[in-house]
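In: pasting the structure only:
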Ligand code: ADP
C-alpha cells in the first residue's frame with residue numbers, strides 16, 4: 001500500500017506514537033487487510049513526510065473519520081515488547097515530557113541501515129579450464145569459505161584471477177552469514193572462587209534473581225572488594241533461569257566498558273552485546289534487533305541502553321550507581337539509575353545497584369529496607385585500602401604559580417624512587433580555567449554565554465566547556481588592546497602536567513582527560529599502558545577516577561579537593577566525598593599498600609574529616625540530617641523549570657506569567673524565577689524556578705498542570721528537570 005486512502009466504514013483507528021516532542025499519539029486508519037497490533041512499528045504520513053511510529057492503541061472508527069490518513073505499512077521490524085512500551089510511557093510521565101521523547105531514545109538504534117552480511121567465496125570442486133599455479137593456489141585457499149580480500153592475500157593473486165575463477169564456475173559465493181552474530185552465553189561454566197563475604201553476597205543475589213520478581217539490592221563494597229565478581233554470579237543465575245533470559249549491565253563511562261566486557265566474555269565464553277556511542281550505527285541496529293528478538297542475552301551499555309526493547313529481561317545491574325553521568329541533562333532529561341529501578345519494576349525483574357560510595361538516596365532506601373543491603377567490607381585477597389591523609393595547604397602551601405605542595409612532591413619522589421606509580425587528580429580539563437588581562441582586568445568570556453573561557457595549551461585555544469565555542473588565544477586584550485597582558489589563572493590538568501614534568505624530568509608522564517582521550521579505543525590504550533607500568537605519573541580528570549585497576553599505582557595525589565565544594569549545590573558535598581573516595585581507591589591494589597594525599601584549604605570541612613577518618617556512616621548521617629531539616633531529597637522532592645529564549649522581553653513576560661499561574665498546592669513551594677547561575681548560554685537567556693514538594697505530593701501532576709496553564713510564545717522554551725543534579 002503506498003498512500004493514504006479513503007477509509008472503509010468498518011476500519012479501526014490506530015493510535016500511533018511518533019518519536020518526536022508531540023503531546024500525544026496521532027490517529028491513523030488501519031489499512032485494509034492488515035491487522036495491526038500494539039507495539040507494531042509502522043510508517044505513517046506526517047504532512048509531506050513519511051515517518052516511523054509505534055502503534056500504542058486502537059479505537060473503533062466512527063463517522064467523521066474522513067480526514068484521517070491511513071497507515072502506510074507495517075515495517076519489517078520486531079514489534080516493541082509491551083513492557084518496553086509501558087516503560088516508555090512511564091518514563092515520559094515521570095520526566096513530565098512528551099512520550100515521543102523517550103520513544104525517540106528507544107528507536108534510536110533503527111536509524112542506520114543493517115550491516116551488510118559478510119560474503120565468502122568457496123571452491124566448487126570444478127577444475128578450471130587452465131589450472132595455472134596461481135589458480136590452484138586460489139582454489140586450495142578457498143577449500144573453506146573465505147572473504148575475498150583474505151583469499152587474494154592468502155593465495156598472493158590479483159583480484160582478476162579470482163574474478164576469472166568465479167566466471168568459470170570454479171569459485172562461488174557461499175551463503176552469507178550474519179556479521180558478528182550474538183553468541184549464546186555458556187551458563188554452566190564455573191566462575192571465580194569467591195571469598196566468604198563475596199560468596200554470601202552472591203548467594204543472596206542469586207536467591208533474589210531466582211525469585212523471578214521485582215526486587216532491588218544495593219551491592220555496597222569498598223573499591224577492589226570484588227563487586228564485579230559478585231554481580232557476574234547474579235548474572236549467571238539470571239541467565240540460567242531460562243533459555244531466553246536477558247541481562248542488562250549499565251556503566252557510567254564507555255572507557256570502563258571494555259574491562260567489564262572482557263570479564264563477561266571470560267566468565268560466559270561469549271562476547272556480550274555493547275550499546276554506547278562508540279558502537280557503529282549499523283552494528284547498533286543489529287544489536288537493537290537482537291535485543292528485541294532475544295538473541296542478545298547480555299547487553300553492556302551506557303545509560304541509553306535502558307531504552308532497548310528487551311524481550312525477556314531478568315536482571316539489570318547499575319554499576320557505579322552513584323555516578324553523576326547517569327543523569328542525562330539535555331533533550332529527554334532523566335536519571336538512568338532511577339529509571340532502571342522503574343524498568344525492573346515494570347519488567348518484574350531484579351535490579352542490582354553497585355557502588356563503593358552509594359548515593360544518599362540509595363543508602364536511605366537501603367536503610368529503610370526497601371532495598372536489600374549487601375556489604376563487602378574488605379578488598380579481595382591481600383590488598384588493603386589506601387591510607388588517606390589530608391595536606392593542609394595553609395601549613396604546606398605550594399610555591400607561587402605552583403600547585404603541588406612540598407609534602408605531595410616529597411611523597412611523589414619516594415614513590416618514584418621505589419619504581420612505583422603516582423596519579424595526580426584534578427577534575428579540570430585544559431591548562432587554566434580563567435584567562436584575564438593584567439592591564440584592565442577583563443576576563444575572557446564566550447561571546448554568547450556567561451561562562452569563562454578555559455585555556456588549552458595543546459590546541460592553543462580558549463574553549464567554552466559549556467557550548468564548545470573556541471577561539472585562538474589573542475595576542476592583545478580584546479577589551480583594552482594591551483599586548484601580551486593576558487595571564488592564565490589557576491590550574492587545569494595540562495598545567496599540573498607541566499609542573500610534574502619540570503619537577504621530575506626523567507619520569508614518564510601521561511595526561512588522561514577528555515581532551516587527550518577522545519574515544520573508547522584511546523582510553524583503553526592509555527589504561528592498559530598505565531596498568532603495564534609504561535608511565536610513572538598520570539595526571540587525570542575524573543575520566544580516570546573510576547573502576548580501573550592499576551597494580552603499580554601506590555600514590556594518589558588530589559591537587560584541589562575543594563574544587564567540587566565551591567558550586568554550592570545540593571549534592572556538592574556528596575559528590576566530593578564520592579569522587580575523592582573513588583580516586584583514592586585507585587591506590588594500592590594487590591600486595592603493595594597505597595596512600596592517598598588530599599590537598600585542601602579546608603581540612604576542617606566535614607567532607608574532608610569524613611574522608612580522612614574513612615567514616616562514611618558519619619558523613620552520611622550528617623548529610624541526611626541536613627537534607628531532612630530542609631526537606632530536600634530524599635526527604636522531599638525537587639524539580640527545576642528552566643525557561644529560555646533569545647528575546648529577553650518575551651522571556652521576562654513569560655516567566656512572570658508562569659510565576660503567576662503556579663497552582664496552589666499543599667506541600668509544594670515554588671521559588672523563582674531567578675537568573676540561572678549561567679544566565680546566558682548560546683545567546684539564550686535562562687531563568688529558573690525551583691519546586692520543592694513533600695514526598696506525598698504527586699510532583700509530576702503538579703508540574704504538568706502548571707505547564708498546561710500557560711502557553712509559551714514560540715521564542716520561549718520550557719524544560720522540566722525532575723530531581724535536578726546540576727544547577728548551571
Ligand atoms: P570492585 O568492582 O569492587 O572494585 P573488582 O570486581 O573489580 O572489584 O575486583 C577487584 C580485583 O580483584 C579484580 O582484579 C578482580 O579480578 C580481583 N578479584 C576480586 N574477587 C576475586 C576472586 N574471588 N577471585 C579472584 N580475583 C578476584
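Out: Perfect, I can see it now. Since the model is a prediction, treat every value here as computed from it, not as a measurement.

In: now the element after the host helix or strand of residue 265, going C-ward?
Out: Using DSSP states H and E, residue 265 maps to helix 254-268. For helix 254-268, the succeeding helix or strand toward the C-terminus, using DSSP H and E, is strand 273-275.

In: the next helix or strand after that next one: how far from the chain's middle?
Out: Remark: after strand 273-275, the chain's next helix or strand is helix 281-293, criterion DSSP H and E. Mean C-alpha position of helix 281-293 versus that of the full chain (Cα atoms, centre = their mean, to the nearest Å) differs by 19 Å.

In: buried sites along helix 281-293?
Out: Along helix 281-293, these residues count as buried under the neighbour rule (16 or more other Cβ atoms under 10 Å): 283-292. Yep, even glycine has a C-beta here, placed from its N, CA and C like the rest.

In: where do the strands sit along the stretch 101-250 of the chain?
Out: 118-123, 171-177, 215-221, 246-250 (DSSP state E, counting those that start in this stretch).

In: which of the ones you listed has the lowest mean pLDDT?
Out: The minimum mean pLDDT among the strands of the stretch 101-250 of the chain belongs to strand 171-177 (a mean of 78).

In: can you tell me which helices and strands it packs against?
Out: strand 118-123, helix 159-168 (3 or more Cβ pairs under 8 Å, 6 or more residues apart in numbering; DSSP states H and E).

In: who does it pair up with?
Out: strand 118-123 (antiparallel) (DSSP bridges).

In: need phi/psi at residue 330.
Out: phi -130, psi 170 (degrees, to the nearest 10).

In: that one and the ligand, how far apart?
Out: Noted for residue 330: a distance of 30 Å to the ligand, by Cβ to the nearest ligand atom, to the nearest Å.

In: what's the local residue count around that residue?
Out: 7 (other Cβ atoms under 10 Å).

In: repeat for residue 570
Out: By other Cβ under 10 Å, the residues close to residue 570 number 19.

In: three-state assignment of it?
Out: At residue 570 the chain is in coil, as set by DSSP: H, G, I helix; E, B strand; the rest coil.

In: that one touches residue 633, doesn't it?
Out: Yes. Counting by Cβ atoms under 8 Å, residue 570 touches residue 633, with 7.3 Å between them.

In: any shared contact partners between the two?
Out: By the contact definition Cβ atoms under 8 Å, 6 or more residues apart in numbering, residue 570 and residue 633 are jointly contacted by residue 627.

In: so who does residue 212 touch?
Out: Residue 212 neighbours (Cβ under 8 Å, 6+ apart): 241, 314, 348-349.

In: which of those residues sit farthest apart?
Out: Within the contacts of residue 212, 241 and 348 form the most distant pair, 12.5 Å apart (Cβ to Cβ).

In: who has more neighbours, the two?
Out: Higher neighbour count among residue 241 and residue 348: residue 241, with 16 against 13, using other Cβ under 10 Å.

In: any idea how far the ligand is from the more buried one?
Out: Look at residue 241 and the ligand: by Cβ to the nearest ligand atom, they are 23 Å apart.

In: mind checking pLDDT for that residue?
Out: According to the prediction, residue 241 has pLDDT 92.

In: same check, this time on residue 391
Out: Reported pLDDT for residue 391: 94.

In: what's the neighbour count on it?
Out: By other Cβ under 10 Å, the residues close to residue 391 number 23.

In: likewise for residue 24?
Out: Using other Cβ under 10 Å: residue 24 sits among 12 other residues.

In: what of residue 416?
Out: Considering only other Cβ under 10 Å, residue 416 is surrounded by 18 other residues.

In: ok, now which ones touch it?
Out: Residue 416 sits in contact with 422, 504, 507, 536-537, where contact means Cβ under 8 Å, 6+ apart.

In: and the helices in the stretch 351-500 of the chain, which stretches?
Out: Shown for the stretch 351-500 of the chain, the helices assigned by DSSP state H, counting those that start in this stretch span residues 360-367, 406-417, 493-503.

In: I'd like the mean pLDDT over the shortest one, please.
Out: In this model, helix 360-367 has an average pLDDT of 95.

In: what is the orientation angle of that helix with strand 215-221?
Out: 110 degrees (axes from the mean of the first three to the mean of the last three Cα atoms, to 10 degrees).

In: ok, now the longest one?
Out: Our comparison of helix 406-417 with strand 215-221, counting by the same axes, to 10 degrees, yields an angle of 90 degrees.

In: buried sites along helix 406-417?
Out: 407-409, 411-412, 415-416.

In: show me which of those is closest to residue 59.
Out: residue 408 (69.2 Å).

In: just the buried ones from the contacts of residue 416?
Out: Here, 16+ other Cβ under 10 Å leaves 422, 504, 536-537 buried among those.

In: need the strands of the stretch 101-250 of the chain in JSON lines with distance to residue 33, can you?
Out: Putting these into JSON lines (distance: least, Cβ to Cβ, whole Å) gives the following:
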{"stretch": "strand 118-123", "distance to residue 33": "36"}
{"stretch": "strand 171-177", "distance to residue 33": "32"}
{"stretch": "strand 215-221", "distance to residue 33": "45"}
{"stretch": "strand 246-250", "distance to residue 33": "34"}
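
In: nearest to the ligand, of these?
Out: Nearest to the ligand, of all these, is strand 215-221, at 4.9 Å by Cβ to the nearest ligand atom.
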